[in-house]
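Trainee: please work out how this folds:
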Amino acid sequence: MTIHIANAPCSWGVDDPKNPYLPPWSQVLQEAATAGYKSIELGPWSYLPTQADELRAALNKQGLSLVAGTIFDDLVSEENFPNIVELTHNLCRNLSQVPTAEKMPGNSFQPPYLVIIDFGNPQRAKYAGRSDLAPRLSPADWKRMISHIVTISKLAWQEYGVRPVIHPHAGGCIEFADEIDLLATQIPHDVAGLCLDTGHLNYSGMDPISWLDRHFDRLDYLHFKDVDPEVFDSVISRGIDFFAACAEGVMCPLGSGAIDYPAVRTFLDKRGYQGWITIEQERDPRNVEGSLQAVTESLRYLRSVGF
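Mentor: Numbering: from 1, shown residues only. Okay, here's the model as predicted:
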């Protein structure tokens, strides 16, 4: 097993670039470097500098590279798709022009990655983590979403050399076991890989190790989170949507929640995982003063259990 560990701006509460409470991007880069990370995700488009020269200088100042950029948007509607195509161009253009994460021996698909996440359906968002209640897409809507994902995946790879990976996400239209399995049968690995997230798998009722094993041959990239079981039980019982749950602290530093990371480490070592892992801990940006300590603790914890 050979791995490198990155972080992402969402650990500082940066998910919506229009949120008025976001910390300065310079703080995020500085604190990521201070905590010991050598690479970070781009975060939502327009948060970090959008001009490649400015972004390159900002990363170089902190000794950082980019491991991935993210599309986090409605991938279902036809009306929104032109925006998704434009965003794909913007993200991949920057990823192809700035320092990117170290290549990994033995990994067929190297960074940088384009992490593709469907999110934006309010009927799904409010049922995050509740598979029995969450409405599924109609066959026509699902087919359209798959077509959109294939189109932007081919665009990212063929025009920019950026590897697309699909990330099932709590509160999105690709979240639960049936949806992940269906997606994996309909989009081949040569078109897009998977970025499975231990925290989202746990949140959505799946055992992380079982599902990493189930789709191991599709894994190009991993996200690690941890879930506070007491907060989780509370937010699920009250029907709280995913980001409201994050504001209440459902995501916690690695090693302090429900996920058995020593067991995850044993599994990945046994299967010979070669690649990047990005730590995330979504929070309300108004609580950003705790981010540096949390991302530092999570990295130290992973190192202490053999990562």
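Trainee: would you put the C-alpha positions of the strand ranked longest in the chain in CSV?
Mentor: The strand spanning the most residues in the chain, taking DSSP state E as the definition, is strand 65-73. Extracted in CSV, the C-alpha atoms of strand 65-73 (Å, rounded to 0.1, in the frame of the first residue of the first chain):
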residue,chain,number,x,y,z
SER,A,65,-0.4,21.1,-5.0
LEU,A,66,-4.0,20.3,-6.2
VAL,A,67,-5.2,16.8,-6.1
ALA,A,68,-8.7,17.4,-7.5
GLY,A,69,-11.5,19.8,-8.4
THR,A,70,-15.1,19.2,-7.8
ILE,A,71,-18.4,19.5,-9.6
PHE,A,72,-21.1,19.7,-6.9
ASP,A,73,-24.3,20.5,-8.7
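Trainee: helix or strand right after it?
Mentor: helix 81-95 (DSSP states H and E).
Trainee: which of the residues in that following helix are buried?
Mentor: Across helix 81-95, burial judged by 16 or more other CB atoms under 10 Å covers 81, 84, 87-88, 91-95. Quick note: C-beta positions are derived from backbone N, CA and C, even for glycine.
Trainee: ok, those vs I5, which is closest?
Mentor: Of all the buried residues of helix 81-95, L95 has the smallest distance to I5: 19.0 Å, by CB to CB.
Trainee: look up phi and psi at Y113.
Mentor: phi -110, psi 150 (degrees, to the nearest 10).
Trainee: helices or strands next to the longest strand of the chain in the packing?
Mentor: strand 39-41, helix 81-95, strand 113-118, strand 274-279 (3 or more CB pairs under 8 Å, 6 or more residues apart in numbering; DSSP states H and E).
Trainee: okay, the angle between it and strand 113-118?
Mentor: Counting by axes from the mean of the first three to the mean of the last three CA atoms, to 10 degrees, strand 65-73 lies at 20 degrees to strand 113-118.
Trainee: which residues touch the nearest residue to P99 once chain neighbours are set aside?
Mentor: Nearest-residue entry for P99: S65, 4.2 Å, with adjacent residues in sequence omitted and distances by CB to CB, 6 or more residues apart in numbering. With contacts defined as CB atoms under 8 Å, 6 or more residues apart in numbering, S65 is in contact with 38-40, 59, 98-102.
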